[in-house]
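J.: Predicted model and sequence follow; I will ask about them next.
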Amino acid sequence: MFQSLVQFQREIYLALAEQIKLLSTNGDWAAFLAFLPMGVMFGAAHALTPGHSKAILATYLTGSTDGVGRGLAVSLILSFTHVTMAIVIAVLALPLVSFALGTVGRAPLLEDVSRGLLGFIGLWMLWRSFRRNAHIDHSHEGKVVGVMAGLVPCPLTLFVMTFAISRGVPEAGLAFAATMMLGVAATLSVVAVAAVLGRQQLLRMLQARPRLVAAITRSIEAIAGFVLVAIALHEILLT
């Protein structure tokens with residue numbers, strides 16, 4: 001499955017490179033615009049491969065009280081930030097390359113910031129799970145998580161933008177990145193909805209026992225917080 005996804009992405013990327021080359025030489029935007037929908041499939045397939053904060057998204061939404069609507073909002077914010085960070089790095093490549101980028105397609109500094117902030121969110125969820133009577137407004141918490149998790153830039157978007165800029169057609173890179181974002185958002189939205197519905201289904205099965213539901217809700221939040229902290233520490237210590 002993984003190899004098939006990699007091969008599928010490779011074929012689209014090679015076709016995209018050819019389209020950008022043609023656009024840079026003959027300015028045929030009609031042909032390039034006709035190719036753009038492939039970006040949606042490219043982004044969706046890319047988001048299915050390891051990474052892209054799918055585990056963090058699912059873990060957070062499983063332990064939160066967010067409904068489907070807010071879960072989708074978190075996934076959309078994550079997707080937007082994930083792709084946009086790559087665009088920003090590519091556009092500001094000269095001043096940032098020695099500061100933020102390590103190996104090709106990675107941004108260690110941003111990754112450490114992202115994981116560290118998510119670790120704090122995990123600690124917050126742990127603390128909140130033990131505060132039985134705490135009435136805390138966390139309506140914007142999911143949005144913050146989406147931004148933090150998305151700080152790690154999308155490597156393929158970075159490649160696309162860099163190649164388009166090198167060919168003198170940065171607007172082509174931006175257009176393709178926008179369609180990629182839709183594909184990434186589609187995949188992450190499925191993950192978000194599955195996590196929320198799974199939690200809701202479990203609690204619905206136990207709704208006749210409110211005390212048990214309350215205990216399970218706190219336990220799920222505590223576990224989710226612990227997992228977020230563990231992921232943050234694991235990622236930071238390994239890099």
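T.: Yes, it's here.

J.: Phe42 is in contact with Ala186, correct?
T.: No. Ala186 lies out of contact with Phe42 (Cβ atoms under 8 Å); the separation is 11.5 Å. (Glycine included, C-beta is placed from N, CA and C.)

J.: These two: who's more crowded?
T.: Per other Cβ atoms under 10 Å, whichever of Ala186 and Phe42 has more neighbours is Phe42, with 25 against 16.

J.: what's the closest non-adjacent residue to that one?
T.: Ile12 (4.6 Å; Cβ to Cβ, 6 or more residues apart in numbering).

J.: Report the contact partners of that neighbour.
T.: By Cβ atoms under 8 Å, 6 or more residues apart in numbering, the residues touching Ile12 are 38, 41-42, 45.

J.: Just among those residues, which is most surrounded?
T.: That'd be Phe42 among the contacts of Ile12, by other Cβ under 10 Å, with 25 neighbours.

J.: List the residues that contact that one.
T.: Residues near Phe42 by Cβ under 8 Å, 6+ apart: 9, 12-13, 16, 156, 179-180, 183.

J.: and these, which of them are in helices?
T.: By the criterion of DSSP state H, membership of the contacts of Phe42 in helices covers 9, 12-13, 16, 156, 179-180, 183.

J.: Okay, the residue nearest to Phe42 and Leu5: tell me how far apart.
T.: Distance of Ile12 to Leu5, given as Cβ to Cβ, to the nearest Å: 11 Å.

J.: And the helices in this protein?
T.: Ranges of helices in the chain, per DSSP H, are 2-26, 29-35, 38-48, 54-63, 68-91, 93-100, 108-129, 141-150, 155-166, 170-205, 210-238.

J.: Touching, Ser189 and Leu76? I think so.
T.: Yes. Contact criterion Cβ under 8 Å: Ser189 and Leu76 qualify, at 7.1 Å.

J.: Quick check on these two: which one has the bigger neighbour count.
T.: Neighbours per residue, other Cβ under 10 Å: of Ser189 and Leu76, the larger number sits with Ser189, 21 against 18.

J.: and that one, how far is that from Ile77?
T.: To Ile77, Ser189 is 11 Å away according to Cβ to Cβ.

J.: Mind picking the one among the contacts of Phe42 that's closest to Val147?
T.: Met180 (18.7 Å; Cβ to Cβ).

J.: so that closest one sits right up against Val160, yeah?
T.: Yes. Using Cβ under 8 Å, Met180 is in contact with Val160, at 7.4 Å.

J.: Nearest to Val193 among the contacts of Phe42?
T.: Gly183 (16.2 Å).

J.: residue contacts, the closest one?
T.: Gly183 neighbours (Cβ under 8 Å, 6+ apart): 39-47.

J.: how about these in a markdown table, adding pLDDT and distance to Ser166?
T.: What follows is those, written out as a markdown table (pLDDT from 0 to 100; distance: Cβ to Cβ, whole Å):
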| residue | pLDDT | distance to Ser166 |
| --- | --- | --- |
| Gly39 | 93 | 19 |
| Val40 | 94 | 24 |
| Met41 | 92 | 24 |
| Phe42 | 92 | 19 |
| Gly43 | 92 | 21 |
| Ala44 | 92 | 26 |
| Ala45 | 90 | 24 |
| His46 | 87 | 21 |
| Ala47 | 88 | 25 |
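
J.: Closest one to Phe226 out of these, please.
T.: Using Cβ to Cβ, Ala47 is the member of those that lies nearest Phe226, at 25.6 Å.

J.: So what's the residue count around that closest one?
T.: When neighbours are defined as other Cβ under 10 Å, Ala47 has 26 of them.
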